[in-house]
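1. Structural data only, the sequence is not supplied:
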Ligand SMILES: [Mg+2]
């Protein structure tokens, strides 16, 4: 898989072990790699930075993944933004709990934890292809 393309990535994740794993794993596909530990901080980081992708844990304090995603989509709408940042949900089990809720909240893809770099690149590619077809 092509790993030459590098991304500015924001990871919202409240579990320390998952953060360490993501740091190690995403280093090779990122130029910027920022971490926050709750949904509100993800929204704040989104407002003040320009990322290519957000990886969003579902269960986090303050705002959970769904609430944070909704807030980000509202901000994009209020900015009349023509681009829509890809938000990928990180779920604890493969039978993607509440998949419909995630989609409704404006998430673009899913990764089941634990995932590897190839899994991530596959999801990114799917999102990019979907957008090309629109
Ligand atoms: Mg969590």
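-> Noted; the coordinates are in hand. For clarity, every value in this text was computed on a predicted model and none was experimentally measured. Residues are numbered from 1 along each chain as shown.

2. Hmm, residue 62 and residue 14 touching each other?
-> No. The pair residue 14 and residue 62 does not pass the contact test of C-beta atoms under 8 Å, sitting 9.5 Å apart. Any C-beta I mention is one placed from the backbone N, CA and C, and that applies to glycine too.

3. The residue most central in space within the chain in helix, strand or coil?
-> Centroid-nearest residue in the chain, with C-alpha atoms, centre = their mean: residue 55, separated by 2.1 Å. Under DSSP: H, G, I helix; E, B strand; the rest coil, the three-state class of residue 55 is strand.

4. show me what contacts it?
-> Contact criterion C-beta atoms under 8 Å, 6 or more residues apart in numbering gives 9, 10, 11, 12, 13, 22, 88, 90, 111, 120 as the residues in contact with residue 55.

5. If you count neighbours, what's buried in the helix or strand of the chain with the lowest mean pLDDT?
-> Of all the helices and strands that make up the chain, the one with the lowest confidence by mean pLDDT, DSSP states H and E is helix 99-105; it has a mean of 79. Buried residues in helix 99-105, counting neighbours by 16 or more other C-beta atoms under 10 Å, are found at 102, 105.

6. Check which helices and strands it sits against.
-> Here helix 99-105 touches helix 65-78, going by 3 or more C-beta pairs under 8 Å, 6 or more residues apart in numbering; DSSP states H and E.

7. And for residue 41, the neighbour number?
-> Neighbourhood size, residue 41 [other C-beta atoms under 10 Å]: 20.

8. With residue 22 instead?
-> By the measure other C-beta under 10 Å, the count of residues near residue 22 is 24.

9. ok, now residue 50?
-> Applying other C-beta under 10 Å, I find that residue 50 has 9 neighbouring residues.

10. same thing with the one 4 residues further on?
-> Taking other C-beta under 10 Å as the neighbour definition, residue 54 ends up with a count of 27.

11. Please name the bridge partners of it.
-> As for beta bridges, residue 54 partners with residue 10, residue 87 under DSSP bridges.
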